[in-house]
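Undergrad: my questions are about this predicted structure, shown below with the sequence.
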Amino acid sequence: MAAPVAILLVGILFAAAAAELPRLDHAHKGDGSLTLLVVGDWGRRGAFNQSMVAKQMGIVGEKMDIDFVISTGDNFYNNGLTGVEDKAFEESFSNIYTAKSLHKPWYTVLGNHDYRGDALAQLSPVLRKVDSRWICIKSFVVSAEIADFFFVDTTPFVLKYWTDPKNNTYDWRGVYPRETYMANVLKDLEDALKQSKAPWKIVVGHHAIRSVSEHGDTQELLQHLLPILKAHGVDIYLNGHDPCLEHISSRDSKLQYLTSGAGSKAWRGVQTPNADKVEFFYDGQGFMSLRLTSAEASLAFYGVAGEVLHSWQHAKPSGY
């Protein structure tokens, strides 16, 4: 088993801007490997096959002896949490992901549906007292020696949420003004990427940079985030938002775009090609696994019956 994660949360949860991104340390296994699961767009009190996905996550998690889970956002539908006492937290999280193998840290970002409720509730240390697995910060870094994971709060980047024609309200506390918040997040991310010496650099956000499903590419991320990822040699971008499983390879960089947003409601019936190479697309429910060593990355996408839908391996060039 991996050593427990070391966490320092005091004074960082509600800061709109910081000198640097909060950093959490998570040791890899004794054999030098790191294994994790990725799931997104799940919080529906077990409905829309969420419970089935959770069951298979538990089985795969045990087989792989996972170190942690990444949640790519939209954690609670349809409108986030109403507060720290909202029973939806337990009904959609604690009571669903019950397998022993899933009792590891859950590193979590907020999605646009989370911002429709009390976004600060999900960041509150109160929820960690309810379920100690829950680690949710707007933007932060998890350093696992052989890999650094950079979590980015993407929802404020998307302009349409600020002028939502459907009259949805969003919890912009600690975010407004948008332009300043975005600039600070991008600067802090770039600084953290410059400092990283890890063989693997993985960025996690809720919204897709590249997607062929219903929501498609996120133009604000193509403009503001993607150039930073390419400039600093990021290997993988993980996201949710689109309710599907996707693997898209960049045609002009080493970036792999991986969507794991199929934790519950899916089957949108949309696929629109973009400029990059679609390695895999699945419109149903499921989740993803990732195993890393300093020399190799292996990923797999799973369906609700635990079947492997797609797998991919990549060797890290010497000298990375």
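TA: Here it is on my side, so go on. Residues are numbered from 1 along each chain as shown.
Undergrad: for the most centrally placed residue in the chain, give me its contacts.
TA: Nearest to the geometric centre of the chain sits Thr72, at 2.7 Å (CA atoms, centre = their mean). Going by CB atoms under 8 Å, 6 or more residues apart in numbering, Thr72 touches 38-41, 109, 111, 204-206, 238-241, 260-261. In short, each C-beta sits where N, CA and C put it, glycine included.
Undergrad: next: His224.
TA: Residues near His224 by CB under 8 Å, 6+ apart: Phe157, Met182, Leu186.
Undergrad: go again with 6 Å.
TA: Counting by CB atoms under 6 Å, 6 or more residues apart in numbering, His224 makes contact with nothing.
Undergrad: pretty sure Trp42 is touching Gln50, no?
TA: Yes: Trp42 lies in contact with Gln50 (CB atoms under 6 Å); the separation is 5.4 Å.
Undergrad: give me the more crowded residue out of the two.
TA: Under the criterion of other CB atoms under 10 Å, the comparison of Trp42 against Gln50 puts Trp42 first, with 32 against 24.
Undergrad: check which helix or strand covers that one.
TA: Under the criterion of DSSP states H and E, Trp42 resides outside all helices and strands.
Undergrad: start the count at 6, not 1, going forward
TA: Happy to do that; since the first residue is 6 now, the last one works out to Trp47.
Undergrad: check what pLDDT it gets.
TA: According to the prediction, Trp47 has pLDDT 98.
Undergrad: from Asn54, how far out is it?
TA: 10 Å (CB to CB, to the nearest Å).
Undergrad: gap between the residue lying closest to Asp193 once chain neighbours are set aside and Gly35?
TA: Leaving out its chain neighbours, the residue that sits closest to Asp193 by CB to CB, 6 or more residues apart in numbering is Leu26, at 4.8 Å. Applying CB to CB, the value for Leu26 to Gly35 is 28 Å.
Undergrad: in the protein, which helix has the most residues?
TA: Counting by DSSP state H, the longest helix found in the chain is helix 183-200.
Undergrad: do I have it right that Val209 meets Phe156?
TA: Yes: between Val209 and Phe156 there is a contact at 4.8 Å, judged by CB under 6 Å.
Undergrad: looking at those two now, which is surrounded by more residues?
TA: Using other CB under 10 Å as the criterion, Val209 and Phe156 rank with Phe156 on top: 30 against 27.
Undergrad: show me the contact partners of whichever strand or helix holds that one.
TA: Under the criterion of DSSP H and E, Phe156 resides in strand 152-157. Applying CB under 6 Å, 6+ apart, the contact partners of strand 152-157 are 39, 114, 144-147, 194, 197, 201, 203, 205-210, 297.
Undergrad: determine how far that strand lies from the middle of the whole chain.
TA: Its chain's C-alpha centre and that of strand 152-157 lie 9 Å apart, by CA atoms, centre = their mean, to the nearest Å.
Undergrad: that one pairs with which strands?
TA: Applying DSSP bridges, strand 152-157 is found paired with strand 145-148 (antiparallel), strand 205-210 (parallel).
Undergrad: tabulate the ones you listed (JSON lines), appending mean pLDDT and distance to Lys60.
TA: What follows is the strands paired with strand 152-157, written out as JSON lines (pLDDT from 0 to 100; distance: least, CB to CB, whole Å):
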{"stretch": "strand 145-148", "mean pLDDT": "98", "distance to Lys60": "26"}
{"stretch": "strand 205-210", "mean pLDDT": "98", "distance to Lys60": "24"}
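Undergrad: redo those as CSV? Include distance to Phe73.
TA: Listed next are the strands paired with strand 152-157 as CSV, based on distance: least, CB to CB, whole Å:
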stretch, distance to Phe73
strand 145-148, 8
strand 205-210, 12
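Undergrad: of all those strands, which lies closest to Ser255?
TA: Closest approach to Ser255 among these is made by strand 205-210 (13.0 Å; CB to CB).
Undergrad: which helix or strand lies directly C-terminal to the closest one?
TA: Moving toward the C-terminus from strand 205-210, the next helix or strand (DSSP H and E) is helix 224-229.
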